[in-house]
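[1] pasted the sequence and its predicted model underneath.
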Amino acid sequence: MMNVKPDRAAIAEFAIEQACRIFRITRPMLMGDGRTRQIAHARRAIAVAMLNHGGCTREAVASVLKRDVSTISHLARYTPANAHADWAECMRRHAAAVEAFVAGGRSVPASFWTPQKDAALKSMWAGTMLDREIAAALGCSEKDVPARAIELGIMTNDFPILPSTAPASVG
């Protein structure tokens with residue numbers, strides 16, 4: 001990695017690896033031309049972590065992410081006004097992982113979904129609670145609840161086809 005000292009290269013590699021894991025994207029997606037919200041958030045997390053926690057210069061971050069310096073400057077100072085709680089949680093986890101790595105510990109913070117939270121989700125899902133109520137109880141976003149329920153196999157993407165309630169036309 002050009003313009004990055006060997007110790008900073010390890011920080012950069014770790015930041016990229018963790019961002020890809022946390023934001024659920026691949027390295028080619030990260031380094032490619034994609035501009036989806038998820039990719040942009042991952043790039044922002046890497047830039048902020050490398051600048052604030054890794055001691056890297058904007059030029060070094062630009063080199064690692066294959067972007068120009070002005071893009072890195074924008075990423076480092078811009079936080080979306082409509083940032084969701086799940087985005088903030090991803091940023092927090094990413095920053096904590098990079099800080100731990102820089103401090104010498106390679107331990108990565110555990111995933112939000114622990115076996116205890118999975119069990120709680122399963123029990124609440126079986127009841128009559130709404131997604132937003134479950135999300136509030138677990139401390140996650142409303143979108144995370146059905147996504148995790150699908151991952152756990154307690155919900156499928158198949159929705160029932162309800163019988164039509166429209167009156168039959170008389171002809």
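    That came through, no problem. Numbers count the residues shown, from 1 in each chain.
[2] now the element after the helix or strand bottoming out on mean pLDDT in the chain, going C-ward?
    The weakest-scoring helix or strand in the chain, judged by mean pLDDT, DSSP states H and E, is helix 85-102 (a mean of 64). The helix or strand immediately downstream of helix 85-102 is helix 115-126, counting by DSSP states H and E.
[3] who's in contact with the helix or strand just after that next one?
    Using DSSP H and E, the next helix or strand after helix 115-126 towards the C-terminus is helix 131-138. Identification of contacts with helix 131-138 by Cβ atoms under 8 Å, 6 or more residues apart in numbering yields 117, 120-121, 124-125, 129, 141-142, 144-146. The C-beta positions use only the backbone N, C-alpha and C, and glycine is treated the same way.
[4] what subset of the residues you listed is buried?
    Neighbour counting over the contacts of helix 131-138 (16 or more other Cβ atoms under 10 Å) leaves 117, 121, 124-125, 129, 141-142, 144-146 as the buried ones.
[5] just give me the closest of those residues to Pro28.
    Asp144 (25.7 Å; Cβ to Cβ).
[6] so that closest one versus Leu121, what's the distance?
    Separation of Asp144 from Leu121 (Cβ to Cβ, to the nearest Å): 9 Å.
[7] how's this protein carved up into domains?
    6-102, 115-152 (automatic domain parsing).
[8] please work out which of the ones you listed is packed deepest.
    Counting by mean count of other Cβ atoms under 10 Å, domain 6-102 has the highest mean neighbour count of those, with a mean of 18.
[9] surely Ser73 meets Thr57?
    No: Ser73 is beyond contact range of Thr57, at 11.3 Å (criterion: Cβ atoms under 8 Å).
[10] run through the protein and note the low-pLDDT ranges.
    Applying pLDDT under 70 to the chain picks out residues 1-6, 78-111, 156-171.
[11] the closest residue to Leu51 other than its chain neighbours is in what secondary structure piece?
    Among residues not flanking Leu51 along the chain, Ala76 sits closest, at 5.5 Å (Cβ to Cβ, 6 or more residues apart in numbering). Assigned by DSSP H and E, Ala76 belongs to helix 69-77.
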